[in-house]
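Trainee: with the sequence up front, the predicted model follows.
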Amino acid sequence: MSGTSTRRALVLCVLLAACASKPEPAPQEQGRAAMDTLRAAVGKVVTDPARAKEVTAAVDDMQAIFGEALRATQAHTARLRALDADYDATQADMREALQDYNVGRAQRQARLLAARDRIAAATTEEEWQQLAKARRAVLESIVRPR
């Protein structure tokens, strides 16, 4: 096979591999899928309907908080970009933007920890351990570097 033919074959292989790969789902979709998996696991693992309902409500709250966090991060990024583009923006403007974001982040974090504590309180230690893989998938889908 000549050098030109080899290069063409290599290019064709690379193009086929690129076409065959699926794009990574959006962060919202990854989080939603992980939450759905956690809800399904709760339905299988927590057999007491009242406790399962409590756990599911906490999972719903966590999903809402993660959605808020994503939107807040997007808005914060846009705000910082706008300030960075503004020649007249002051250090005080930047500090205010950072402080505003951090206050909201701390509030969301407290609510998230409260939801996690509600899940722990509504499950037995054995149920908690059985839900570990699904809980880990939720966290990994949310905190994955973008």
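Mentor: That came in fine, so what should we check first?
Trainee: what separates the longest helix along the chain from the chain centre, distance-wise?
Mentor: Longest among the helix segments of the chain by residue count, using DSSP state H, is helix 49-85. Counting by CA atoms, centre = their mean, to the nearest Å, helix 49-85 is centred 9 Å from the centre of its parent chain.
Trainee: report the buried residues of it.
Mentor: Residues of helix 49-85 classed as buried by neighbour count (16 or more other CB atoms under 10 Å): 51-52, 54-56, 58-59, 61-63, 65-66, 69-70, 72, 76, 79, 83. Using the backbone N, CA and C atoms, a C-beta is placed for each residue, glycine as well.
Trainee: repeat that for stretch 114-123.
Mentor: Neighbour counts over stretch 114-123 (16+ other CB under 10 Å) mark A115, R118, I119, A122, T123 as buried.
Trainee: next, work out how far apart the residue lying closest to the fourth one once chain neighbours are set aside and H76 are.
Mentor: Once flanking residues are discounted, A122 sits nearest to E54: 4.1 Å by CB to CB, 6 or more residues apart in numbering. Shown here: E54 relative to H76, a distance of 32 Å by CB to CB, to the nearest Å.
Trainee: all helices of this protein, in order?
Mentor: When assigned using DSSP H, the helices of the chain occupy the ranges 3-20, 27-45, 49-85, 91-122, 125-130, 132-143.
Trainee: residues making contact with the shortest one?
Mentor: The contact list for helix 125-130 (CB atoms under 8 Å, 6 or more residues apart in numbering) reads A41, V45, V46, I119, A120.
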